[in-house]
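Asker: sequence and predicted structure below; questions after.
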Amino acid sequence: RRIRKPVSMLDVLPTLLDLTGLQQPDLKQGQSLAPLLLGQVAEADWESRPVIVEVLEADVATGQLMGNTEMIDGRWGASLCVRPPGATFVIGRNGVGDALYGCVRAMRPERFLLFDLWEDPLLQRPINAERPDLVEKYTALLEAQLEANAAMRTLVGAGGERVTLTPAQLEMLPTLGYIR
C-alpha cells in the first residue's frame, strides 16, 4: 500500500511493533502507520507529522552532538544548528563534510533558520524576521526532538529493553521483510 502523506523512518519501529502485536516502549519516536496500512483509517483523515531530518556527528573532543536537526512541515522548513560550546570540528574527520561546515563554523552564525518552501524551495532566503511566531514554534519542536534523541541514546546505551517474542510473532517477522 502506498501512503502519499509524509512519513518518516522514525515511523518504522512503532509500525513494526504494532503489526506484530508487540508492546510499544515507553520511550519512542515516530508513530505507527499500521492503521493506514490495514485500512483502519482513510488517508484523508490521517494527520501526518512533520518530517525530521538530522545530520549530527559527535564532537571529536567532547563527544557532544553537533550538526543540524531539521524539520519539513508542509510549507515550512526549519533548521536548528547544534553546536556545543567550544566544539572542535575538522572538515573530513570521521566522514564529516560540508553538510555540517556551515552550521558549525562562521558561515552560519544563526542558530535557527526558517524557510517558506513554497516560495523559496532552494532555501535561499530565511524568513525569521517575517515569522517570529513560527520561529518560536519550530525552535521549540526541534529542541524537543534533540531532547528525545538524548533520552533515546541513553536508553540504547544502557542496553535497551528486553522483549520476548512468541513463536507466532517470530513467524510473522520474516513476512515484513526485515529478518530471515
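Answerer: Sure, I can see it.
Asker: ranges for the helices of the chain?
Answerer: In the chain, the helices defined using DSSP state H lie at 12-20, 34-37, 98-104, 132-157, 167-172.
Asker: from residue 2, how far out is the residue with the largest distance to the centre of the chain?
Answerer: Distance from the C-alpha centroid of the chain peaks at residue 167, with 32.4 Å (Cα atoms, centre = their mean). If you measure residue 167 against residue 2 using Cβ to Cβ, to the nearest Å, the figure is 32 Å. All C-beta spots, glycine's among them, are computed from the backbone N, C-alpha and C.
Asker: also residue 82?
Answerer: 34 Å.
Asker: more crowded one of these two?
Answerer: Set side by side, residue 82 and residue 2 show more neighbours around residue 82, with 24 against 4, by other Cβ atoms under 10 Å.
Asker: any idea what the more buried one is bridged to?
Answerer: With DSSP bridges applied, residue 82 shows beta-bridge pairing to residue 67.
Asker: contacting residues for it?
Answerer: Contact analysis of residue 82 by Cβ atoms under 8 Å, 6 or more residues apart in numbering lists 56, 65, 66, 67, 68, 69, 103, 146.
Asker: list buried members of the residues you listed by neighbour count.
Answerer: 65, 66, 67, 68, 69, 103 (16 or more other Cβ atoms under 10 Å).
Asker: tell me the contacts of the residue positioned nearest the centre of the chain?
Answerer: With distances taken as Cα atoms, centre = their mean, the residue of the chain nearest its centroid is residue 52 (3.7 Å). Residues counted as contacts of residue 52 (Cβ under 8 Å, 6+ apart) are 8, 10, 69, 70, 71, 145.
Asker: per-residue pLDDT of residue 71, please?
Answerer: Per-residue pLDDT puts residue 71 at 90.
Asker: go on, the one 5 residues further on?
Answerer: pLDDT recorded at residue 76 is 95.
Asker: roughly how far apart are the residue nearest to it when sequence neighbours are not counted and residue 142?
Answerer: Leaving aside its sequence neighbours, residue 76 sits nearest to residue 134 (Cβ to Cβ, 6 or more residues apart in numbering; 6.1 Å). Using Cβ to Cβ, one obtains 12 Å as the distance from residue 134 to residue 142.
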